[in-house]
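In: mind looking at a prediction? Sequence and model below.
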Amino acid sequence: MSERANWNEFLIGAVIRVIGFSTIGFVILIFFFLLQQGAPALTQTSPGEFLGTRWYPTLELYGMLPLLLGSLLVTATAIVIALPLGVATAVYVREVAPSWAREILKPLIEVLAGIPSVVLGFFGMTMLAPFLRETLNLPTGLTAFTGALILAYMALPTMTSVAEDALDAVPKSYRDAALAMGATRWQTIWRVSVPAARTGIMTAVMLGIGRAMGETMVVLMVTGNAARMPTTWNSLFLPVRTMTATIAAEMGEVAAGSAHYHVLFFIGILLFVITFMINLAAAPAILAKRRRGGLR
Amino acid sequence: MTDPKIQIENVSYEYEGARALRNITLDIAPQRITVFFGPAGGGKTTLLRLINRLNDLAEGTKMTGRIRLDGQDIYASSADVTTLRRKVGMVFALPLPLPGTIRENVIYGPKLAGVRAARQLDEIVERSLRQAALWDEVHERLDAPANALSGGQQQRLCIARSLALEPQVLLLDEPTSGLDPLSTNKVETALQEMKKNYTIIIIPHSVQQAARLADYAAFFLQGELIEYRAGREIFTTPRDQRTEDYVTGRFG
């Protein structure tokens, strides 16, 4: 009987271990697949060419700068829009709202995160883009700014939710201490609660960047997809093309094994590296938050 | 007693339907140490927090009665809660330095109140730290992070932080509960020194500490004020049986 129980224990342990390691294994396999498919791009086309400013695969011009800058422009704008909104929402939900409003708002914000990106993309195409075109008098409503707005909206729930958790983790006694020193509620929020939660808020920003950087469907649908260098002052209100949208749009039509094919995978590697570095940059903040179990 | 600094009149307090305080009436003498003591759950902390309106933001609570500071009703609609809290400082059970250096912790309150001049801030830092008996230990490393201090030093830093606002009243909720006897002794000595200038209300963490510090002592039990007397009499010749049982260690 007990031998059988032992055997069961061992079996269950082994299965769980295999499943656990396999998820890590898959990530590693995917990375190697990316490397294997992307690396030939370095030999087939000269790497210097990747730094070119023109992306014309049909002419075998694979300059990635417009795509890279396009991704950066859209992502940065999205974060600039989403950060104040996200922090303000988190502050409202955690510090200001009465408990009944909090009970309604919290799940509502989390539901927002579940809206499929294609739905938001559709909304952006049919409602937001025409609206922007008319109000800002643009040649087309499919611009970097349109994409950034929708991406900001998409990053908002995650950022709010993480920032709110960070505020929640600020010991109540910090607030008491500030209030007891005659700080107003406003001063307590902006000079004690928010600074004390700043590691968590940085994490929220990083997650938001990761989300916006990797998002494909929305940018494919609403940013216009013109691979031009966003270097003029009005680039924000002109079409751009991001790295993700390029892969999504062209991978279906490319001949397997061609130079173009390998370059697309190389863009994938680049995206992987960028998001990995962002996560790495966020890691100390996340770890610090985890370590801060007690008060000291 | 000379004119009381604080008058607590018929204060009752409910928290989500449960009575935390029942009809508390007592006067707090100026420039004396008044001790609120009794077993946990007696309402001491609640009353202390009511004196500087820290429970304002708590939901589901109801307070009746009046608390006056220098004769002024602190819960009157004309009363300003921020001004009140600058007059009535509070120190909590856990030493809680805010993130930042020693100096930043001390000048935190004055800066909020709008003091900007560097020289004035330096004076405040020295005066407050001296009053909290911490100056000699830290004056050479004011820019060190506050949480590098020992527990006892942190608690005196929190006292200094409250004193920096030049309050008239200082409320302390078990300020030495997390400290070793030596640090406790230092805090108590600082308090004895401080009462020359401040009205002090303290919730001690033991009956012995209550007896050491009390100019006046109030014994609380389950939301009621059982006995309130001057000086040490309450510990030597208590009038109420329940007080006697508690101070002699028969319960609590």
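Out: Cool, the structure landed. Numbering: from 1, shown residues only, chains lettered A, B, ... in the order given.
In: and the residue nearest the centre of the chain?
Out: Picked chain A for this. The residue lying closest to the centre of chain A (C-alpha atoms, centre = their mean) is A:R211, at 1.6 Å.
In: the intended chain is chain B.
Out: Note: chain B centre (C-alpha atoms, centre = their mean) maps to B:L171, 1.5 Å.
In: can you tell me, leaving aside adjacent residues, what's nearest to it?
Out: B:M90 (4.6 Å; C-beta to C-beta, 6 or more residues apart in numbering or on different chains). Just so you know, the C-beta spots here come from the backbone N, C-alpha and C atoms, and that holds for glycine as well.
In: re earlier: what's in contact with the strand or helix carrying the residue nearest to the centre of chain A?
Out: Using DSSP states H and E, the element containing A:R211 is helix A:198-214. The contact list for helix A:198-214 (C-beta atoms under 8 Å, 6 or more residues apart in numbering or on different chains) reads A:71, A:74-75, A:78-79, A:82-83, A:86-87, A:90, A:151-152, A:154-155, A:158-160, A:162-163, A:165-167, A:169, A:194, A:244, A:271, A:274-275, A:278-279, A:281-282, A:285-286, A:288-289.
In: same question for stretch B:130-147.
Out: A:296, B:97-105, B:125-126, B:129, B:149, B:153-154, B:156-157, B:159-160, B:163, B:186-187, B:189-190, B:193-194, B:197.
In: filter those residues down to the buried ones, ChimeraX style.
Out: Buried residues among those (16 or more other C-beta atoms under 10 Å in any protein chain shown), as a ChimeraX selection:
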select /B:97,98,101,102,103,104,105,125,129,149,153,154,156,157,159,160,163,186,187,190,194
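In: how far does the longest helix seen in chain A sit from the chain's center?
Out: The helix that spans the most residues within chain A, counting by DSSP state H, is helix A:2-38. Helix A:2-38 sits 28 Å away from the centroid of its parent chain (C-alpha atoms, centre = their mean, to the nearest Å).
In: pLDDT of it, averaged?
Out: Average pLDDT, helix A:2-38: 90.
In: go through it and flag the buried ones.
Out: Applying 16+ other C-beta under 10 Å to helix A:2-38 flags A:34, A:37-38 as buried.
In: distance of B:L57 relative to A:D168?
Out: Separation of B:L57 from A:D168 (C-beta to C-beta, to the nearest Å): 15 Å.
In: buried ones in stretch A:222-230?
Out: A:222-228, A:230.
In: ok, A:E103 to chain B distance?
Out: The gap separating A:E103 from chain B is 12 Å, by C-beta to the nearest C-beta, to the nearest Å.
In: before we move on, the earlier item: okay, the residue nearest to the centre of chain A: pLDDT?
Out: For A:R211, pLDDT reads 84.
In: try B:G151
Out: For B:G151, pLDDT reads 84.
In: would you work out how far apart the start and end of stretch B:154-173 are?
Out: End-to-end span of stretch B:154-173 (C-alpha to C-alpha, to the nearest Å): 15 Å.
In: quick one: mean pLDDT for it?
Out: Stretch B:154-173 comes out at a mean pLDDT of 91.
In: measure B:G249 to A:L68 for me?
Out: Taking C-beta to C-beta, one finds B:G249 at 75 Å from A:L68.
In: quick one: name the residues of chain A near chain B.
Out: Contact residues (C-beta under 8 Å from any C-beta of the partner chain) of chain A with chain B: A:98-99, A:171, A:173-174, A:176-185, A:187, A:191-192, A:195-196, A:295-296.
In: skipping adjacent residues, who's closest to A:L83 in space?
Out: Nearest to A:L83 is A:V205, by C-beta to C-beta, 6+ apart, at 6.1 Å.
In: what about the one you found, how many neighbours?
Out: Close neighbours of A:V205, defined as other C-beta atoms under 10 Å in any protein chain shown, add up to 22.
In: what's near enough to touch B:Y216?
Out: B:28-29, B:32-35, B:228-231.
In: which ChimeraX command selects the buried ones in these?
Out: The buried subset of the contacts of B:Y216, as determined by 16+ other C-beta under 10 Å, is captured in ChimeraX by this line:
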select /B:28,29,32,33,34,35,228,229
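In: quick one on the thing from earlier: among the contacts of stretch B:130-147, which lie within helices?
Out: B:102-105, B:125-126, B:129, B:153-154, B:156-157, B:159-160, B:163, B:186-187, B:189-190, B:193-194.
In: what helix or strand does the residue of the stretch 101-250 of chain B found nearest chain A sit in?
Out: At 3.8 Å from chain A, B:G109 is the closest residue in the stretch 101-250 of chain B, using C-beta to the nearest C-beta. Using DSSP H and E, B:G109 falls within helix B:102-112.
In: what about A:P195, how many residues close to it?
Out: Neighbours of A:P195 under the rule other C-beta under 10 Å: 15.
In: residues touching it, list them.
Out: B:P99.
In: in the stretch 151-252 of chain B, which spans are strands?
Out: Using DSSP state E, counting those that start in this stretch, the strands of the stretch 151-252 of chain B run over B:169-173, B:199-203, B:216-221, B:224-230.
In: typo on my end, chain A
Out: Using DSSP state E, the strands of chain A run over residues A:55-56, A:61-62.
In: ok, back up a step: in a strand, the residue nearest to B:L171, correct?
Out: Yes: secondary structure of B:M90 (DSSP: H, G, I helix; E, B strand; the rest coil): part of a strand.
In: quick one: contacts for it?
Out: So B:M90 contacts A:176, A:180, B:48-49, B:52, B:54, B:162, B:170-173 (C-beta under 8 Å, 6+ apart).
In: from A:D165, how far off is A:L280?
Out: Distance from A:L280 to A:D165, by C-beta to C-beta: 21 Å.
In: who has more neighbours out of the two?
Out: Comparing A:L280 with A:D165 by neighbour count (other C-beta under 10 Å), the higher total belongs to A:D165, at 16 against 10.
In: that one and A:K172, how far apart?
Out: For A:D165, the distance to A:K172 equals 15 Å [C-beta to C-beta].
In: ok, now B:R242?
Out: Distance from B:R242 to A:K172, by C-beta to C-beta: 32 Å.
In: looking at the two, which is more packed in?
Out: Legend: neighbour count by other C-beta under 10 Å for B:R242 and A:K172, higher for B:R242 (18 against 8).
In: what about the residue lying closest to B:L179 once chain neighbours are set aside, how many residues close to it?
Out: In space, and not counting its chain neighbours, B:L179 is closest to B:G152: 4.9 Å by C-beta to C-beta, 6+ apart. Counted with other C-beta under 10 Å, residues neighbouring B:G152 total 22.
In: thinking A:A97 is in contact with A:L105, fair?
Out: Yes: here A:A97 reaches A:L105: they are 6.4 Å apart, a contact under C-beta atoms under 8 Å.
In: would you list every one of the helices in the stretch 51-200 of chain A?
Out: Under the criterion DSSP state H, counting those that start in this stretch, the stretch 51-200 of chain A contains helices at A:65-91, A:99-112, A:117-123, A:129-136, A:144-168, A:172-180, A:185-188, A:194-196, A:198-214.
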